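> I'll drop the sequence and a predicted model, then ask my questions.
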Amino acid sequence: MTIVDRMKHIFYILSLLILSATMAAAAEIQFTAAVDQSTVGLGDPFSLQLTVSGEDMASVPRPELPALPDFDLVSQSQSSSSNVSIFNGQIKKESAVNFIYVLSAKKLGSLAIPACKLKYGGKEYQSQPIQVTVVKASQAQAAPQRPLPGRSPQAAGNVPVEGNLLVDAAVDRNTVYVGEQVNVRYVLYSRLQISRQPGFAVPAFNGFWKEDLKINNAPSQQTVNGKIFNKYPFVGFALFPMSPGKLEIQPLKMSVPVVAPARDIFDFFGTERIVEVASKPLTITVLPLPEPRPRDFSGGVGQFTISSSLDRTSSSNNEPLNLTVRISGTGNIRLIEKPVIPAIPGLKVLEPEVKEDIKAADDVIRGTRTFRYPIMPQADGKYAIPALSLSYFDPSSKSYKTVATTAYECTASGCSQNAPLVEATGLKVLGSDINYIKPDARSLPVERPLPSAPLAAVYLLALAMLGGALWYRRYLDRLSSDHGFARKQRSSALVRKRLKRAEALLKKRDDKGFYAALSQAVLGYAGDRYNIETQAMTKDQLRDELARIGIDGAAAVRVIGIVEQCEIARFSPGLLADQDPRRLFEQAKTILSEL
């Protein structure tokens, strides 16, 4: 290969690398986390929102929550939004998916919510960790979470809960076999007025595999013990016991906001009170599967069928074959293990690719598991792929049943030169296709070509460009996954833009607009630079936060002083005897440069 050909080859590879990095950057998504309040009361619910946003996103999987030993997961929900815009004839679609988790803290102090993970498009993203301060008295008591008009979430007034509010848990059967589906449903019965959506904590279901069921949440009325209740079905699960014996389903706990009766004629709306209720524990008797079990039993309990297909019956030049096996039916299909293909001499069977299409329909878990086995011919010959059998336990007949696929025959050719024909027995003669190491290696000439100066320069340039592309790729990854880093990187450009706007308002003699823009520039730069929410802080909180992150006390005082002067000039200009806006603007620029 000549030097020119090598240079063309190197530039071609670099072009592909840069193009792939550019395309990957264009498909980037944003993954962020936020809480609705940073200071919460012990046991009080608050929201953790994970947001995935980007252009032309396909279906986004649910993020992976980290271990949260200091929090209880009360409930979870999901919402999405999209925006389509047309600019210069190009259609741009931006989407956002919000995963909302309601949590409650279990102990006092400063608690951390670690980074959450998201796997999407072959990449892994991480949100920023969040710190939450847990106190005895919730701040929400001073600012209630949108109760109904006139209602206060205080505990004043007695709510007659006994006999008027209960959570009922019911199962469709009390005795099942290991792996057999049992459905549990939870219903809230109430004769009280519920002011807003209750929260609940799902039990751990120890000893069970859990699948969600679709529930008709439409409320209705039902008579219980001679009393008319409002009935609210709210959640249901399909459970599959993993071991025999007596298994207990732990109670489901709910936090229900109810309205207490009015205390006097001036209390028009009554008061709101959070009532904690729980269902009763349930016990399920789990029977062991009968013995002896068939050799090809892989854990299936229910009713299943099995089918298979081979994409081709002949292979040339080591071209792989693909055997696809599909298991369909109702029951614990997600727990069925992959079918085992026996060893076939001359063929190498690789680990299968597994796909699932499983859902709840009519309160029954049904679907299909597909296993795609790549089969690599190792030598020429004729081969027989035997039928695969699957035994499962049918609870309705209390017996094992067996289903099987079709057997296949295939041939392979051109796998290697001078390779003897291999029949189904797999016997072949080895050694005829081996190239031995030459024994006269000392007589071979030793060549150590040194690259010319231009070629060495091209190599160094290629390495530098590759290193730059890798650095830029990591920089983009950190921008998308580290919210604090992204804010810091944008802080200088944003503050220049805000100061320019403030100076423009100053030239127009728009004093009120100038002071508002200058205050926003100072607070915004401090917040972006150190990843703090300055707009929602009081002056004392801002001073403490700046001191905590290591800002000099004098600098913090000057920052707060600029903000105070802007507020006074905007809302009480008469209190300033002599205020020069230009001088205040220059002071702000000096302080921001020191930060």
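Yep, that arrived.

> For the lengthiest helix in the chain, enumerate the helices and strands it packs against.
In the chain, assigned by DSSP state H, the helix with the most residues is helix 453-481. Packing contacts for helix 453-481, counted by 3 or more Cβ pairs under 8 Å, 6 or more residues apart in numbering; DSSP states H and E, involve helix 3-26, strand 29-35, strand 123-126, helix 483-507. Any C-beta I mention is one placed from the backbone N, CA and C, and that applies to glycine too.

> which other residues reach the second one?
Read that as strand 29-35. Contacts of strand 29-35 from elsewhere in the structure, counted by Cβ atoms under 8 Å, 6 or more residues apart in numbering, are 46-54, 57, 63, 113, 115-116, 118, 120-121, 125-128, 130, 132, 480-481, 483.

> 6 Å instead, please
Residues from elsewhere that reach strand 29-35 (Cβ atoms under 6 Å, 6 or more residues apart in numbering): 48-54, 116, 118, 125, 127, 130, 480, 483.

> hey, where'd the helices end up in the chain?
If you assign secondary structure with DSSP H, the helices in the chain sit at 3-26, 453-481, 483-507, 511-530, 539-548, 553-571, 581-594.

> would a markdown table of these with distance to residue 281 and mean neighbour count be doable?
Compiled in a markdown table, those are given as follows (distance: least, Cβ to Cβ, whole Å; neighbours: other Cβ atoms under 10 Å):
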| stretch | distance to residue 281 | mean neighbour count |
| --- | --- | --- |
| helix 3-26 | 51 | 12 |
| helix 453-481 | 42 | 13 |
| helix 483-507 | 42 | 16 |
| helix 511-530 | 49 | 21 |
| helix 539-548 | 45 | 15 |
| helix 553-571 | 55 | 16 |
| helix 581-594 | 61 | 15 |
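
> between those, which one is nearest to residue 277?
helix 539-548 (37.3 Å; Cβ to Cβ).

> could you give the mean pLDDT of that closest one?
Per-residue confidence for helix 539-548 averages out to 76 on the pLDDT scale.

> show me the contacts for the closest residue to residue 569 other than its chain neighbours.
The shortest distance from residue 569 to any residue other than its chain neighbours is 4.6 Å, reached at residue 515 (Cβ to Cβ, 6 or more residues apart in numbering). Applying Cβ under 6 Å, 6+ apart, one finds that residue 515 lies in contact with 566, 569-570.

> 10 Å - rerun?
Applying Cβ atoms under 10 Å, 6 or more residues apart in numbering, one finds that residue 515 lies in contact with 502, 505-506, 563, 565-571, 573, 579, 581, 584-585.

> dump the residue contacts of residue 178.
Taking Cβ under 10 Å, 6+ apart as the criterion, residue 178 is in contact with 240-245, 286-289, 299, 301, 332, 393.

> Now the buried members of the residues you listed.
With burial judged by 16 or more other Cβ atoms under 10 Å, the buried subset of those is 240-241, 286, 289, 301, 332, 393.

> which one is residue 72 nearest to, not counting chain neighbours?
Setting aside the residues directly before and after it, residue 72 is nearest to residue 104 in space (Cβ to Cβ, 6+ apart), at 4.9 Å.

> wait, isn't the one you found in contact with residue 274?
No - the criterion here is Cβ atoms under 10 Å, and residue 104 misses it with residue 274 at 11.3 Å.

> any shared contact partners between those two?
Residues touching both residue 104 and residue 274 by Cβ under 10 Å, 6+ apart: 43-45, 199, 255.

> Make CSV from these and add pLDDT and neighbour count to it.
Listed next are the shared contacts of residue 104 and residue 274 as CSV, based on pLDDT from 0 to 100; neighbours: other Cβ atoms under 10 Å:
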residue, pLDDT, neighbour count
43, 78, 16
44, 79, 20
45, 81, 20
199, 86, 17
255, 90, 19
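
> For residue 184, state which of those is nearest.
Taking Cβ to Cβ as the measure, residue 184 sits nearest to residue 199 out of the shared contacts of residue 104 and residue 274, at 19.0 Å.

> can you pull the contacts of the closest one?
By Cβ under 10 Å, 6+ apart, the residues touching residue 199 are 45, 72, 74-75, 102, 104, 253-257, 274.

> can you pull up the bridge partners for it?
Beta-bridge partners for residue 199, by DSSP bridges, are residue 255.

> how near is it to residue 276?
According to Cβ to Cβ, to the nearest Å, residue 199 and residue 276 sit 10 Å apart.

> which neighbours do the two share?
Common contacts of residue 199 and residue 276, defined by Cβ under 10 Å, 6+ apart, comprise 253-256.

> Pick out the most distant pair among those residues.
In the shared contacts of residue 199 and residue 276, the most distant members under the criterion Cβ to Cβ are 253 and 256, with 10.4 Å between them.

> Which one's more surrounded, these two?
Between residue 253 and residue 256, residue 256 has the larger neighbour count (other Cβ atoms under 10 Å), namely 24 against 17.

> count of neighbours near the nearest residue in space to residue 47 that is not next to it in sequence?
The shortest distance from residue 47 to any non-neighbouring residue, by Cβ to Cβ, 6+ apart, is to residue 36 (4.4 Å). The criterion is other Cβ under 10 Å. On that basis, residue 36 has 14 neighbouring residues.

> any idea how far residue 545 is from residue 36?
In this structure, residue 36 lies at 19 Å from residue 545, with Cβ to Cβ as the measure.

> and what of residue 484?
As defined by Cβ to Cβ, residue 484 lies at a distance of 14 Å from residue 545.

> overlap in contacts of these two?
The contact lists of residue 484 and residue 545 share 530, 532, where a contact means Cβ under 10 Å, 6+ apart.

> From residue 37, how far out is residue 344?
The gap separating residue 344 from residue 37 is 62 Å, by Cβ to Cβ.

> Revised request: answer the last question for residue 309.
According to Cβ to Cβ, residue 309 and residue 37 sit 55 Å apart.

> between the two, who's got more neighbours?
residue 37 (17 against 13).

> Got phi/psi on the more buried one?
Comment: the main-chain dihedrals of residue 37 come out as phi -160, psi 140, following degrees, to the nearest 10.

> Isn't it up against residue 132?
Yes - counting by Cβ under 10 Å, residue 37 sits close enough to residue 132 to count as a contact (8.3 Å).

> Show me whatever sits in contact with both of those two.
Contact criterion Cβ under 10 Å, 6+ apart; residues shared by residue 37 and residue 132: residue 46.

> give me the low-pLDDT residue ranges for the stretch 101-250 of the chain?
Scanning the stretch 101-250 of the chain with the threshold set as pLDDT under 70 gives 137-159.

> Strands of that one, residue ranges please.
Counting by DSSP state E, counting those that start in this stretch, the stretch 101-250 of the chain has these strands, from start to end: 109-113, 117-120, 123-126, 130-135, 165-171, 175-177, 182-190, 199-201, 208-212, 220-224, 227-241, 245-249.
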